[in-house]
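Colleague: everything below, folded, please.
(2 chains, ligands or ions: 1)
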Amino acid sequence: MIETVLDIQTIRKDFPILNREVNGKPLVYLDNAATSQTPQQVIDVIVDYYQNYNANIHRGVHALSQEATDKYEQARQKIQKHFNAGKGYEIIFTSGTTHGINLVANGFSSLLKKGDEILVSAMEHHSNIVPWQMLCERTGAVLKVIPMNEEGELLMDEYSKLLSERTKLVFCNHISNALGTINPIEEIIEKAHAVNAAVLIDGAQAAPHVKADMQALDVDFYTVSAHKMCGPTGVGALYGKEEWLNKLPPYQGGGEMIAEVTFEKTTYADLPHKFEAGTPNICGGIAFGAALDYMNAIGFDAIAAYEHELLEYATEQLLSIEGLRIYGTAKHKTSVISFNIGGIHPYDIGTILDKLGIAVRTGHHCAQPIMDFYKIPGTVRASFSFYNTKEEADALVSGVERARNMLL
Amino acid sequence: MTIKEIQDEIVDEFSMFEDWMQRYEYMIELGKSLPLIDEKYKTEDNIIKGCQSKVWVHAELENDKLVFTADSDAIITKGIIAILIRAFSNQRPQEIINADTAFIDEIGLKEHLSPTRANGLVSMIKQLKLYAVAYQTQLN
Ligand SMILES: Cc1ncc(COP(=O)(O)O)c(C=O)c1O
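Modeller: Modelled structure (predicted):
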């Protein structure tokens, strides 16, 4: 038994998909770091939107448009409250983490000059690397890397050495998707601010596990995706400090983001609309709010405590398999286990697990620099959510053993 | 034997298995018998795109017939390419171009046929046929 205050069996009933079979076996879904599953409460909100008040927002005179606008803006307030942002207009709706990062990276084009430096951690998702490389190409700024150790922990002394008055921006994930490492972002932010550098934290993997407090962190930008936290795909949020959002130019031009348009000159709308050109994912935004309600009703402390128990249990069981090596053994980590067995290709293990109804991810997890660091082509990654069970961890372990026996 | 005859033979072999486990175990066995590519051809150019694992294929013309050798760093992928090569190797390019690949479905590997599947079976078939087209042009 794993100790928890949560009633996992009741929680599981909220997720219809967990009842399905894959290849004739009950689904064991352990790919939560890629995308989480959606509870009926959120599905109901999506259906309700399309059945009852689907309309374009912010510009209608009619009742449906007003209802949809209210619900959408309520969702923004829920996000603001959840992340404890100071102001509602510091929450920008996006299509996800990637969009949020690109919005900021694009905005910094006009704020950086040749020779400026921007720092990235060694364990980033490609979406928190490539937009910055493109920014460097546009501006002549230089990208520098904060290294990590074998355990998958950032070398904070090296970080301190990299910081200087040339440093303009630091970006790092709160939690690594490939390793599960929880990075010391408080310290990262504080040290960056000491040299007047702005900080963007990629919260895609953190948001499902920990409640980040924007004001306490004093972070400049924080970006998340709804689909990693029981919400729908293609929607997310970017938190930006008001002063920074005012400094950045708009990202996309279009409807909704303007104050006045003439062919001679256009003035931009106030925050947050300046960054929300075009008709947004209205239903998605509203459902994102519902997903936050759902997770908060369960409680993030209880979620984190239970997932930690699952992590410890699964780690111990997996390590009993001969030749199995876990990548990412940081002291502070979430319920992500990346591993390989001897020389077996992760793809082979993933294929056998799939036949057993067990969904994991294999490959480089959009973090090739990490794989290069360990000199491996990829890993098998099992990532647990609060609706997973000890029995599913056992199924994973016996599936991996079976795969090992077939493949070795 | 013609490509069709070889394919029928493979389908026959696979029909003896009762479940996916046995089929996969056999595929892994076949992977071990794959005619291996010469190390010097294991170049970036010879890597088939669209596979999560690396797959290298080389083709050479021997007496009007195309002979394939290959390798992969994943054993199941090796098994899949071994099955394909067994059907296609040592055949005239025109036969390879015309060959049907429905037998993959019949041996219970249909799931690997999806073009979005990361193992790239579809890309492998395409690559083998591209080699055949290239050598056919050379022969003409
Ligand atoms: C750490 C991290 N950053 C960014 C992303 C990209 O998120 P999205 O595809 O929702 O934009 C992911 C998703 O896998 C992630 O894990």
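
Colleague: what does whichever helix or strand A:A192 is part of contact?
Modeller: According to DSSP states H and E, A:A192 maps onto helix A:185-194. Applying CB atoms under 8 Å, 6 or more residues apart in numbering or on different chains, the external contacts of helix A:185-194 come out as A:119, A:154, A:156, A:159-160, A:163, A:167, A:170, A:172, A:174, A:198-199, A:201, A:217-219. Where you see a C-beta, it was placed from the backbone N, CA and C, and this is true even at glycine.

Colleague: okay, and the helix or strand of chain B with the least pLDDT?
Modeller: One helix or strand of chain B scores below all others by mean pLDDT, DSSP states H and E: helix B:103-106, with a mean of 87.

Colleague: just after it, pick out the following helix or strand.
Modeller: As assigned by DSSP H and E, the chain's next helix or strand after helix B:103-106 is helix B:121-139.

Colleague: mind listing what's buried along that next one?
Modeller: B:121-125, B:127-129, B:131-132, B:135-136 (16 or more other CB atoms under 10 Å in any protein chain shown).

Colleague: same question, stretch A:49-58
Modeller: Buried, per 16+ other CB under 10 Å, within stretch A:49-58: A:49, A:53, A:55, A:57-58.

Colleague: please apply the same query to stretch A:354-372.
Modeller: Buried residues in stretch A:354-372, counting neighbours by 16+ other CB under 10 Å, are found at A:354-367, A:369-371.

Colleague: ok, stretch A:34-52 next?
Modeller: So for stretch A:34-52, counting by 16+ other CB under 10 Å, buried means A:34-39, A:42-43, A:45-46, A:48-49.

Colleague: could you do stretch A:328-346 as well?
Modeller: A:328-330, A:333-341, A:344-346.

Colleague: next, the distance between the ends of that stretch.
Modeller: Separation of the first and last residues of stretch A:328-346 by CA to CA, to the nearest Å is 16 Å.

Colleague: please see if that stretch touches chain B.
Modeller: Yes - using CB under 8 Å from any CB of the partner chain, stretch A:328-346 reaches chain B at A:344-345.

Colleague: are that stretch and the ligand in contact anywhere?
Modeller: No - for stretch A:328-346, no contact with the ligand is found by CB under 6 Å from any ligand atom; the gap never falls below 9.7 Å.

Colleague: avg pLDDT for that stretch?
Modeller: Per-residue pLDDT values over stretch A:328-346 give a mean of 96.

Colleague: swap in stretch A:286-295?
Modeller: Averaging pLDDT along stretch A:286-295 yields 98.

Colleague: does the ligand sit close to it?
Modeller: No - interface with the ligand: stretch A:286-295 contributes nothing (CB under 6 Å from any ligand atom), its closest point being 11.9 Å away.

Colleague: for chain A, what's its nearest residue on chain B.
Modeller: B:A74 (3.6 Å; CB to the nearest CB).

Colleague: since we're on that residue, how many residues are nearby?
Modeller: As a burial measure, B:A74 scores 26 neighbours (other CB atoms under 10 Å in any protein chain shown).

Colleague: how near is it to B:Y41?
Modeller: For B:A74, the distance to B:Y41 equals 18 Å [CB to CB, to the nearest Å].

Colleague: residue contacts, A:A330?
Modeller: Taking CB under 8 Å, 6+ apart, we find A:A330 in contact with A:151-153, A:179-182.

Colleague: between those, which is nearest chain B?
Modeller: Nearest member of the contacts of A:A330 to chain B, counting by CB to the nearest CB, is A:L179, at 19.4 Å.

Colleague: what residue is smack in the middle of the chain?
Modeller: Unless you meant another one, I'm taking chain A. Residue closest to the mean C-alpha point of chain A, counted by CA atoms, centre = their mean, is A:A204 at 1.0 Å.

Colleague: actually, chain B is the one I wanted.
Modeller: In chain B, the residue lying closest to the centroid (CA atoms, centre = their mean) is B:L84, at 2.4 Å.

Colleague: need phi/psi at that one.
Modeller: phi -60, psi -40 (degrees, to the nearest 10).

Colleague: how much space separates it from the ligand?
Modeller: 33 Å (CB to the nearest ligand atom, to the nearest Å).

Colleague: any idea how far that residue is from A:C136?
Modeller: B:L84 sits 43 Å away from A:C136, going by CB to CB.

Colleague: equivalent analysis for A:V130, please.
Modeller: A:V130 sits 11 Å away from A:C136, going by CB to CB.

Colleague: next one: A:Q205
Modeller: 25 Å.

Colleague: higher neighbour count, these two?
Modeller: A:Q205 (29 against 17).

Colleague: residues touching the more buried one, list them.
Modeller: Going by CB under 8 Å, 6+ apart, the list of residues near A:Q205 reads A:33, A:173-177, A:228, A:334, A:336.

Colleague: neighbour-wise, which of those residues leads?
Modeller: Counting neighbours by other CB under 10 Å, A:S176 comes out on top of these with 33 neighbours.

Colleague: so it touches A:H332, yeah?
Modeller: No - applying CB atoms under 8 Å as the test, A:S176 and A:H332 come out as separate, 10.9 Å apart.

Colleague: need phi/psi at residue 44.
Modeller: No chain specified, so I'll use chain A. Main-chain dihedrals, A:D44, degrees, to the nearest 10: phi -60, psi -40.

Colleague: try again with chain B
Modeller: Main-chain torsions, B:E44, degrees, to the nearest 10: phi -50, psi -40.

Colleague: ok, B:N98 - how many residues close by?
Modeller: Residues near B:N98, counting by other CB under 10 Å, number 12.

Colleague: hang on, I meant A:E190
Modeller: By other CB under 10 Å, 13 other residues sit near A:E190.

Colleague: check the one 10 residues further on too.
Modeller: Around A:L200 sit 29 other residues, with neighbours defined as other CB under 10 Å.

Colleague: what strand or helix carries it?
Modeller: A:L200 belongs to strand A:198-202, assigned by DSSP H and E.

Colleague: how close does A:N102 get to B:E44?
Modeller: Using CB to CB, A:N102 is found at 30 Å from B:E44.

Colleague: and the two? Which one has more around it.
Modeller: A:N102 (22 against 7).

Colleague: so what's that one up against?
Modeller: Listed by CB under 8 Å, 6+ apart, the contact set of A:N102 reads A:131, A:251.

Colleague: just how off-centre is the host helix or strand of it within its chain?
Modeller: Element membership of A:N102 [criterion: DSSP H and E] is helix A:97-107. Mean C-alpha position of helix A:97-107 versus that of the full chain (CA atoms, centre = their mean, to the nearest Å) differs by 14 Å.

Colleague: helix or strand right after it?
Modeller: For helix A:97-107, the succeeding helix or strand toward the C-terminus, using DSSP H and E, is strand A:117-121.

Colleague: ok, the residue nearest to B:A59 when sequence neighbours are not counted - contacts?
Modeller: Excluding the flanking residues, the one nearest B:A59 by CB to CB, 6 or more residues apart in numbering or on different chains is B:Y131, at 3.9 Å. By CB under 8 Å, 6+ apart, the contact set of B:Y131 is B:57, B:59, B:66, B:68, B:93, B:96.

Colleague: identify the bridge partners of the third one.
Modeller: Beta-bridge pairing of B:L66 under DSSP bridges involves B:L61, B:Q91.

Colleague: contact residues of chain B facing chain A?
Modeller: Within chain B, the positions adjacent to chain A are B:20-21, B:24-25, B:28, B:52-54, B:73-77, B:118-119 by CB under 8 Å from any CB.
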